[in-house]
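Asks: This is a predicted model, with the sequence first.
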Amino acid sequence: MIMSLCHRLVPVPLLAVALAVSLAVSLAARPGIAAPRPLAQQLRPAAPASLAGAEMALRRGECGAASAQWRELAQASDDPGLAQRATAVALSCGQFAAAEGAAARWQKLEPGEDGPALARVRALLQSWRLDEAGKAFGAWLAKGDRRALDAIGALAQDAGDESTWAMLRTLDAPALKGGDVQLALAELALRAGDAAGALARASAARAAGAGAAHVASIAARAHAVLGAAEPALAAAREAAAPGAKEGDRLAIAEVLLLLDRDTDAESELQRLRSEPTVGTQAGRELARLAFERGEYAIAEERAGTLIQDPQGQALAVYLLGVIAERRGDETAALAKYRLLDGSGLAPQAQRRAALMLYRDGERDAALAVLAAARDADPAQRIRAELAIGSFLAEAGAPAEGLARLDSAAKRSPGHPDIDYQRAVLMERAGQVDGAIALLDAIHRSRPADAAITNALGFTMADHKRDLPRAEQLIREALAAQPDNAAILDSLGWVLYRRGQAAAALAPLQRAFRLLKDGDVAAHLAEVLAASGRKGEVRELLRRALAADPDNATLAAVATRLAPGLAAPKPSPSLEPARHTSI
């Protein structure tokens, strides 16, 4: 399957355009990472017309032009403030070649500072120029006492787990040998879809003196991802032993969920529910579990108990909003979604609210929900355009969504996420040749980016184009991220397309165990049916419809392979909706 942008997009630190906030907001906010002087103190007088032109281009949303103008200003000046500003603008605009050039200039002007060195590493990572990034990061680590742990966290947040792990996987540096750093690398590897790499780093962390419980917690999850139940549960018991930290107490439940043993996981969470240190966290997981099973009455009751939990309020309100929406109470659903503005669940809530408004004929109001604020920085504006384009395609208007993204691509040429989403919408609009050509072009410019490699291979497989090459591409992506459920799904699908249904089952079953996604379930159901295992199809589709009831592909497959089966619906409310607030 193609990974959606919600899985690909990396949060970019906010840039206050008028104030020219420095990159140090993200790279130097961690203890031990030295920040450059504030930009207001650095920026020397420059040609007012040139500066004004660059800023006006940025305010108009012309990211490509603004990044180029700022870089030219930086290259023509010995002012580090201009180079710093040029770097920040280009990074926020997704113009990573310009960002790397500006950061190199900044680094030349301030060779001893952390900010420019790490900004250049980030630009190289976001361009997937891994060898250059590794050399640059290794050079930074070699210059004296460096806080590797803080830098790795910053790069993973800003450039993404996958590219950061791909750079660090083979990097050998003394500063990376400590137990805490190895532990962080183990977590990073697991998030980046490399469970075997996580196990290796966890073992190194233990040998270097890292805390046994935390090491065991990572090892437990890695073994579970690999499907090794016995070592996973043994490590989880070690992690969750009496006296363990709050997060590690849930290790057994986490492992059981990864092993697809939901009933056992629920029992473990119920046991932990009464413990004062982890009870509320267990309650959040119980509410989510019931919701994903389609057990809406139980989910509603559990979500209601979370309203007083500061860390669980947003989840509770979101679940109650979705339940109200699926019950048909749009007024209650919209009210709850609006409460989530500013929370971590705001993008999901806004998307659901916009879809309701759009289906009710309120198109402009729907798009306004997703639009960026007037004072939004470049990265926020781009994310908003991506969200609107994807939303329009989901709402049944892929051509309109594609037109918006085409316009965004002109303002931000070469932005990888815009081009990626354009290819996705081209395919949905029936422009399959164009989609494949665009994905192929992105792949040639970023051959190490497994998400792009997988997207190209899957699109070719889905449309039965050059299946041998499609399989080769998908296997290349899987070699980089061997435990990525989306890529495992792609491998199963291309094998099925090549007439190898028996071989397709294992990767598809593993993909669904790791990710209860409707597209994965639809593919697995097709292969099970083709393999003569029709008795398993209905139960699979029942579970999948509960977990992903809004998936149109899944619904179509269920109608064909399991007539009469439908997604569960909440029962009508017998009392006024519970009052909620955040």
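Replies: Now that the structure is in, tell me what you want to look at.
Asks: Residue 144: what secondary structure?
Replies: Counting by DSSP: H, G, I helix; E, B strand; the rest coil, the backbone at residue 144 sits in coil.
Asks: buried ones in the host helix or strand of residue 222?
Replies: Under DSSP states H and E, the secondary-structure element containing residue 222 is helix 212-225. Of the residues in helix 212-225, those scored as buried under the neighbour-count criterion (16 or more other C-beta atoms under 10 Å) are 213-225. In short, each C-beta sits where N, CA and C put it, glycine included.
Asks: chain center to it, what's the gap?
Replies: Going by C-alpha atoms, centre = their mean, to the nearest Å, the spacing between the C-alpha centre of helix 212-225 and its chain's C-alpha centre is 22 Å.
Asks: what's the answer for stretch 352-368, then?
Replies: Stretch 352-368 sits 25 Å away from the centroid of its parent chain (C-alpha atoms, centre = their mean).
Asks: what's the helix holding residue 222 in contact with?
Replies: Applying C-beta atoms under 8 Å, 6 or more residues apart in numbering, the contact partners of helix 212-225 are 183, 186-187, 190, 195-196, 198-199, 202-203, 205-206, 229, 231-236, 238-239, 241, 244-245, 247-248, 251, 254-255, 258-259, 483, 514.
Asks: Narrow those to those that are buried.
Replies: 183, 186-187, 190, 195, 198-199, 202, 205-206, 232-236, 238-239, 244, 248, 251, 254-255, 258-259, 483, 514.
Asks: Return the subset of those lying in helices.
Replies: The subset of those located in helices under the criterion DSSP state H comprises 183, 186-187, 190, 195, 198-199, 202, 205-206, 232-236, 238-239, 251, 254-255, 258, 514.
Asks: still on that earlier bit, quick check: angle from the helix holding residue 222 to helix 251-258?
Replies: Inter-element angle recorded for helix 212-225 and helix 251-258: 10 degrees (by axes from the mean of the first three to the mean of the last three C-alpha atoms, to 10 degrees).
Asks: Dump helix 212-225 to PDB, keeping only the CA atoms.
Replies: Output of helix 212-225 as PDB, limited to C-alpha atoms (Å, rounded to 0.1, in the frame of the first residue of the first chain):
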ATOM      1  CA  ALA A 212      17.700  -3.100  32.300                       C
ATOM      2  CA  ALA A 213      14.000  -2.400  32.400                       C
ATOM      3  CA  HIS A 214      14.100   0.100  29.500                       C
ATOM      4  CA  VAL A 215      16.300  -2.200  27.400                       C
ATOM      5  CA  ALA A 216      13.900  -5.100  28.100                       C
ATOM      6  CA  SER A 217      10.900  -2.900  27.100                       C
ATOM      7  CA  ILE A 218      12.400  -2.100  23.700                       C
ATOM      8  CA  ALA A 219      13.500  -5.700  23.200                       C
ATOM      9  CA  ALA A 220      10.000  -6.900  24.000                       C
ATOM     10  CA  ARG A 221       8.400  -4.700  21.400                       C
ATOM     11  CA  ALA A 222      11.000  -5.600  18.800                       C
ATOM     12  CA  HIS A 223      10.600  -9.300  19.300                       C
ATOM     13  CA  ALA A 224       6.800  -8.900  19.100                       C
ATOM     14  CA  VAL A 225       7.100  -7.000  15.800                       C
END
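Asks: any idea of the mean pLDDT in it?
Replies: Model confidence over helix 212-225, given as mean pLDDT, is 96.
Asks: Please apply the same query to stretch 553-562.
Replies: Summarised as a single mean, pLDDT over stretch 553-562 is 96.
Asks: Likewise for stretch 138-152?
Replies: Stretch 138-152 shows a mean pLDDT of 88.
Asks: Equivalent analysis for stretch 108-127, please.
Replies: 96.
Asks: hey, C-alpha coordinates of it in PDB?
Replies: Coordinates of each C-alpha in stretch 108-127 appear next as PDB, following Å, rounded to 0.1, in the frame of the first residue of the first chain:
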ATOM      1  CA  LYS A 108      31.700  28.600   6.800                       C
ATOM      2  CA  LEU A 109      30.900  31.900   8.500                       C
ATOM      3  CA  GLU A 110      30.500  30.400  12.000                       C
ATOM      4  CA  PRO A 111      32.500  27.200  11.900                       C
ATOM      5  CA  GLY A 112      32.400  26.600  15.600                       C
ATOM      6  CA  GLU A 113      28.700  26.800  16.100                       C
ATOM      7  CA  ASP A 114      26.300  23.800  16.400                       C
ATOM      8  CA  GLY A 115      23.400  25.400  14.700                       C
ATOM      9  CA  PRO A 116      24.800  25.600  11.100                       C
ATOM     10  CA  ALA A 117      26.400  22.200  11.300                       C
ATOM     11  CA  LEU A 118      23.300  20.400  12.400                       C
ATOM     12  CA  ALA A 119      21.100  22.400  10.000                       C
ATOM     13  CA  ARG A 120      23.200  21.200   7.100                       C
ATOM     14  CA  VAL A 121      22.900  17.600   8.400                       C
ATOM     15  CA  ARG A 122      19.100  18.100   8.500                       C
ATOM     16  CA  ALA A 123      18.900  19.400   5.000                       C
ATOM     17  CA  LEU A 124      21.000  16.500   3.700                       C
ATOM     18  CA  LEU A 125      18.800  14.000   5.500                       C
ATOM     19  CA  GLN A 126      15.600  15.600   4.200                       C
ATOM     20  CA  SER A 127      17.100  15.200   0.700                       C
END
